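K.L.:
Predicted model and sequence follow; I will ask about them next.
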Amino acid sequence: MNKALSARLFTTIILTGAFLAGTLHASAQAAAAPAKGEAPKTAEQVFKNIQVLKGTPADQLETGMQFISNSLGVECEFCHVQGAREKDDKKTKQTARKMIEMQMAINKNHFNGDREVTCYSCHHGAERPAGVPMIAEEEPKRPQVPAEEAALPSADQIIDKYIQAVGGAESLQKITSRVQKATISFGERQFPAEVVAKAPNKRISTVHTPNGDNITAFDGQAGWLGNPGGRPPRDMNPQENEAFSFDATFYLPLEIKKMFTQLRVRPADKIGSHEVYQVIGTSPGKPPLRMFFDKVSGLLMRTIRYAESPLGRNPTQVDYAEYRLDSGIRLPFQWTVARPLGRFTIQVSEIQQNVPVDDSKFAKPAAAAPAPAEQKPPAK
């Protein structure tokens, strides 16, 4: 596997918590984390040559770069010099700065500062925005006036049905740990993987690649990431923590009502052949989380969540399938993670429940001490 593919695989693989489009250097990530009691650092305090995003929290700069990547369908090197991202050698980087300023000005002058216009508003995944309307390839479908919708159930009713569909609260709480053997499919490549989880909210996912293990872990309070290549593990940023803590919630069906200050039910399109209800969870200061439940079975079929960035929200969709009964509860044996620039699928082949798992399994390893300098013999 070449280094470029390995890096892209790692940035895609952070299982259901992935946000990255390309990793910033680990030392910069560590510098972005404020010491206890200190104010969060800004982008210009951590990274070199920040011009139009001054004042942006340093831990949001990476998600902002990913938003640009998602919106234009490009990789980091489209604008940046590889290995020297602070340089201004590429014209595309200078153009990007002008576009960010334009976006901010439009929103300030025409939308009261609300972020209504983003890079994606014009680019739609292309390097250059289309300036001419597309020619229709088929007869346009005329919108039909929908029939009057039946009254929607409440969020509590939908979630209660979900709890019963997976086996009920009592059966769920009889399980305290889980080990899953799986295969991850990334394009045409497949790698063995393992997911270990423990109640109430500990989880570690390991993907075994020829170059070493890619690891995503949550120790119950915070997450960390490990990758091959000699670099030390790093702490997750706030956006990554937010996402992976959801996935690490061991008794998820029982916890959904507690996670959000408001749950709203909205109509939704079918997922495949399945009619679904959409439940939107919101909390102050956080992006919404959308959950889609099968109307018939009651099972959770899809989640869509968003990572906040200074330029827009990066979406991640997770589809759950192949629910099977194991130890009295129903679990998805397949889930597919999709984002604007790619997707991968986890296929579980084996599950073991209530196996002993020590808490140290989820702890971030200490960074290796530097090798002692070679001592020269004293001069004679």
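P.N.:
Yep, it's here. Numbering: from 1, shown residues only.

K.L.:
which residue ranges form the helices in the chain?
P.N.:
Listed in chain order, the helices of the chain (DSSP state H) span 3-13, 26-32, 43-46, 58-72, 91-110, 119-123, 155-165, 169-173, 238-247, 252-259.

K.L.:
Return the member of these having the minimum mean pLDDT.
P.N.:
Lowest mean pLDDT within the helices of the chain: helix 3-13, a mean of 44.

K.L.:
ok, now how distant is Met301 from Gln334?
P.N.:
As judged by C-beta to C-beta, to the nearest Å, Met301 and Gln334 stand 12 Å apart. For glycine as for every other residue, the C-beta is placed from the backbone atoms N, C-alpha and C.

K.L.:
what residues are up against Gln352?
P.N.:
If a contact means C-beta atoms under 8 Å, 6 or more residues apart in numbering, then Gln352 has 178-180 as its contacts.

K.L.:
one step back: how about a markdown table for the helices of the chain, with mean neighbour count added?
P.N.:
Below are the helices of the chain laid out as a markdown table (neighbours: other C-beta atoms under 10 Å):
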| stretch | mean neighbour count |
| --- | --- |
| helix 3-13 | 18 |
| helix 26-32 | 16 |
| helix 43-46 | 18 |
| helix 58-72 | 23 |
| helix 91-110 | 14 |
| helix 119-123 | 17 |
| helix 155-165 | 18 |
| helix 169-173 | 14 |
| helix 238-247 | 22 |
| helix 252-259 | 16 |
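
K.L.:
Out of those helices, flag the one nearest Asp269.
P.N.:
helix 155-165 (16.7 Å; C-beta to C-beta).

K.L.:
so that closest one versus helix 252-259, what angle?
P.N.:
160 degrees (axes from the mean of the first three to the mean of the last three C-alpha atoms, to 10 degrees).

K.L.:
Reformat the helices of the chain as CSV; add distance to Leu325.
P.N.:
Formatted as CSV, the helices of the chain follow (distance: least, C-beta to C-beta, whole Å):
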stretch, distance to Leu325
helix 3-13, 29
helix 26-32, 42
helix 43-46, 49
helix 58-72, 38
helix 91-110, 50
helix 119-123, 41
helix 155-165, 11
helix 169-173, 10
helix 238-247, 22
helix 252-259, 15
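
K.L.:
so which of those helices gets nearest Ala366?
P.N.:
That would be helix 26-32 among the helices of the chain, by C-beta to C-beta, at 13.9 Å.

K.L.:
Low-confidence stretches in the stretch 251-380 of the chain?
P.N.:
Residues of the stretch 251-380 of the chain that meet the criterion pLDDT under 70 lie in 367-380.

K.L.:
could you redo the last one with a cut-off of 80?
P.N.:
Within the stretch 251-380 of the chain, the ranges that satisfy pLDDT under 80 run 366-380.

K.L.:
and the gap between the closest residue to Lys364 other than its chain neighbours and Phe362?
P.N.:
Leaving aside its chain neighbours, Lys364 sits nearest to Trp224 (4.1 Å; criterion: C-beta to C-beta, 6 or more residues apart in numbering). Note on Trp224: its distance to Phe362, by C-beta to C-beta, is 9 Å.

K.L.:
Gln51 now?
P.N.:
Separation of Gln51 from Phe362 (C-beta to C-beta): 40 Å.

K.L.:
neighbour count winner among those two?
P.N.:
Phe362 (22 against 12; other C-beta atoms under 10 Å).

K.L.:
which outside residues touch stretch 254-270?
P.N.:
Identification of contacts with stretch 254-270 by C-beta under 8 Å, 6+ apart yields 149, 152-156, 158-159, 162-163, 169, 172-173, 246, 249, 276-284, 289, 291-292.

K.L.:
if you set the cut-off to 6 Å instead, what comes out?
P.N.:
With contacts defined as C-beta atoms under 6 Å, 6 or more residues apart in numbering, stretch 254-270 is touched by 152, 155, 159, 169, 249, 276, 278-283, 292.

K.L.:
Between the residues you listed, which sits nearest Asp219?
P.N.:
Ranked by distance to Asp219 (C-beta to C-beta), the contacts of stretch 254-270 are led by Thr249 at 13.7 Å.

K.L.:
my guess is the closest one meets Lys202, correct?
P.N.:
No - Thr249 is not in contact with Lys202 according to C-beta atoms under 6 Å; the separation is 10.1 Å.

K.L.:
What about the contacts of stretch 254-270, which are in strands?
P.N.:
Members of the contacts of stretch 254-270 lying in strands (criterion: DSSP state E): 276, 278-282, 292.

K.L.:
partner strands of the strand ranked longest in the chain, parallel or antiparallel?
P.N.:
Ranked by residue count, the top strand of the chain under DSSP E comes out as strand 313-326. Here strand 313-326 is paired, per DSSP bridges, with strand 300-308 (antiparallel), strand 329-339 (antiparallel).

K.L.:
Would you mind giving the ones you listed as TSV with distance to Glu101 and mean neighbour count added?
P.N.:
Shown next, in TSV, are the strands paired with strand 313-326 (distance: least, C-beta to C-beta, whole Å; neighbours: other C-beta atoms under 10 Å):
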stretch	distance to Glu101	mean neighbour count
strand 300-308	20	22
strand 329-339	27	18
